[in-house]
Structure formats: structure tokens, C-alpha cells
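Asks: Any chance you can model this:
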Amino acid sequence: MADEKSAEVSKLSTQICNQIASVFSKPTHPHPPPLDLLATEIASVSRLGRIFLYGVGREGLMLRAFCMRLFHLGLSSHLVFDMTTPPISSADLLIASAGPGGFSTVDAICSVARSAGARVLLLTAQPETGFSVRHATAVCYIPAQTMADDGGDAAERPLLPMGSVYEGAMFVLFEMVIYKLGEILGESPDAVRSRHTNLE
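Replies: Sure thing, here's the model as predicted:
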């Protein structure tokens, strides 16, 4: 019985990981590869500017985890709406996510960032039809299923419903970006670890 349960868990986890991994084998042309784009944009502001991050719902949770790791790399990273978030300026970068193409809050925040002269990197699965793209200086296309294209067979229960594929892909992408940025910025594992809070 225990072996059957272990086999079932292993099968489900493999299916989920494979579904997320398949996102990164899809072409993103004419948009640049997401890993290269994110690493380049962040590295370009890493010494003089700050990085701001915003997303709604589960997308926002993925960006919150990313913000933490950017801080561990020694970067000035801030979540929009935190009480200690400074004003954005022309030296800064806003990374925002609108998987299905647009959200009114994402649209408004991107607009404010652009009016302050900041660069805006928008993550989305709908780069051609999303309305938040109009404020972006760069578009990071993640070709994954979101709620915008979750209209499958109502009788069939999907393994990853709604926007879970997109959100899972965000997590994996961000881990790859942190790994690549560690090399670009010359940050050792010990230096990264030293910035983790000790107030736990």
C-alpha cells in the first residue's frame, strides 16, 4: 500500500514538473528568451538603480519570492505596496506580471512607473493581446497556460488548473535567473546566504 502511494505521488509530481518544463521548450520569437531578458534587464540596473516588483494573486506570490532572492543577491529590491517601498525613478526597473494579458492594477502601476521614467519589464503569456503591454519597455513572454486560455473540457479535471502552469513556470524561471545573476554579479553562495534574515 505504501509503495502504491509513493508511486502515485511520484507520478503526479513528475507530470506536474514535466508540464511546467515544457513551457521552456516553446519558442518565444519575436520576443527574446525569458531567462536572457530578465538577467540582462536586472543586471543593467543592479549597481545604480533599484528593482520594484508587482503582481496580483499567485503571480504576486511568485514575485514576492523572487524579490527575496534578489535581495539575497545584494540588490535593492522592493515590493510595490510594502510600507518601506521608496519612490520609483528613471534609474529603476519595475518588473510586473499580467499572465492573462492585463489587470487594472498592473496597468495603472506600470503607467505610473513609466511616467516617472523607469523601465518596465512586463511578464505575460499574452504579449500580443494584453493591454498592460502598452506600458512595457520590454516584454518577457512566458508561453504558458493562464486563466485566459483555461477553457478546456469542463468534465475533465486538469492537473494544473487555471493559471498554475504560468505561475509554476514563473517560479522555475526566477530560480534560473537568480542562478545566472549570481554568476554575472560574482556573488558567492556564502555572500548570498549571509544576507538572509536571522530574525526567525
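
Asks: Okay, now the unreliable bits of this structure?
Replies: Within the chain, the stretches with pLDDT under 70 are 1, 150-155.

Asks: Spatially nearest residue to the residue nearest to the spatial centre of it, not counting backbone neighbours?
Replies: Nearest to the mean C-alpha position of the chain, by C-alpha atoms, centre = their mean, lies residue 170 at 4.4 Å. Excluding its sequence neighbours, the residue lying closest to residue 170 (C-beta to C-beta, 6 or more residues apart in numbering) is residue 62, at 4.1 Å. C-beta here means a position set from N, CA and C on the backbone, and glycine is covered the same way.

Asks: doesn't residue 80 make contact with residue 53?
Replies: Yes: applying C-beta atoms under 8 Å as the test, residue 53 and residue 80 come out as touching, 6.8 Å apart.

Asks: Give me the contacts around the helix or strand hosting the residue nearest to residue 170.
Replies: Element membership of residue 62, judged by DSSP states H and E, is helix 57-72. Among residues not part of helix 57-72, those counted as contacts by C-beta atoms under 8 Å, 6 or more residues apart in numbering are 42, 51, 53-55, 77-79, 95, 97-99, 123, 163-164, 166-167, 170-171, 174-175, 177-178, 181, 192-193, 195-196.

Asks: For PyMOL, what selects the buried ones among the residues you listed?
Replies: One line in PyMOL is enough to select the buried members of these, burial here meaning 16 or more other C-beta atoms under 10 Å:
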select buried, resi 42+51+53+54+55+77+78+79+95+97+98+99+123+163+164+166+167+170+174+177+178+181+192
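
Asks: Tell me which of the contacts of helix 57-72 fall in helices.
Replies: With helices defined by DSSP state H, the entries of the contacts of helix 57-72 inside them are 42, 164, 166-167, 170-171, 174-175, 177-178, 181, 192-193.

Asks: tell me, what's touching residue 53 and residue 80 both at once?
Replies: With contacts taken as C-beta under 8 Å, 6+ apart, the residues that reach both residue 53 and residue 80 are residue 94.

Asks: Show me the strands in this protein, by range?
Replies: Ranges of strands in the chain, per DSSP state E, are 51-54, 77-79, 93-97, 119-124, 138-141.
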